[in-house]
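J.: with the sequence up front, the predicted model follows.
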Amino acid sequence: MACSIEFFNTAVKAEITGWPAGINASFTRIAEQMVESGPNLGLPYTRPFGDGLFEIRAKGREGIGRAFFCTLVGRRIVILHGFIKKTQQTPAKDLKLARKRLKEVQHG
């Protein structure tokens with residue numbers, strides 16, 4: 001049931017790898033579990049946002065990180081966007097960007 005994880009582009013990968021160590025370690029553990037078990041881990045690790053968009057919910061001493069992803073045919077998981085959460089709500093601009101990239105990935 002192994003999946004593969006890829007990033008939308010190098011900027012997304014750089015953003016996430018640049019997260020503080022604790023948040024990055026949480027993201028890495030969740031991503032490794034997704035590769036082994038599939039993308040649907042459920043709360044508190046992943047959450048659906050509808051229309052094929054999901055989020056990884058990484059947490060560390062330094063704060064909270066979120067990474068939006070989608071799944072594609074062939075057991076591929078594409079990380080579309082990542083950010084460090086500063087407010088209770090998911091910022092509209094981050095959600096809008098993730099949805100835009102989701103459409104690009106799904107429709108070429």
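T.: Cool, the structure landed.

J.: so where is this structure shaky, pLDDT-wise?
T.: Scanning the chain with the threshold set as pLDDT under 70 gives 1.

J.: and the residue nearest in space to the middle of it, what helix or strand is that in?
T.: Nearest to the geometric centre of the chain sits Ala67, at 2.8 Å (C-alpha atoms, centre = their mean). Secondary structure assignment for Ala67, by DSSP states H and E: strand 63-72.

J.: can you check Val78 too?
T.: Counting by DSSP H and E, the element that carries Val78 is strand 76-85.

J.: kindly report the same for Met34.
T.: helix 21-37.

J.: tell me what angle that helix forms with strand 63-72.
T.: 30 degrees (axes from the mean of the first three to the mean of the last three C-alpha atoms, to 10 degrees).

J.: give me the contacts around the very next helix or strand once past helix 21-37.
T.: For helix 21-37, the following helix or strand on the C-terminal side (DSSP H and E) is strand 46-50. The contact list for strand 46-50 (C-beta atoms under 8 Å, 6 or more residues apart in numbering) reads 30, 34, 39-40, 54-57, 68, 95, 98. Heads up, the C-betas are built off the backbone N, CA and C, glycines and all.
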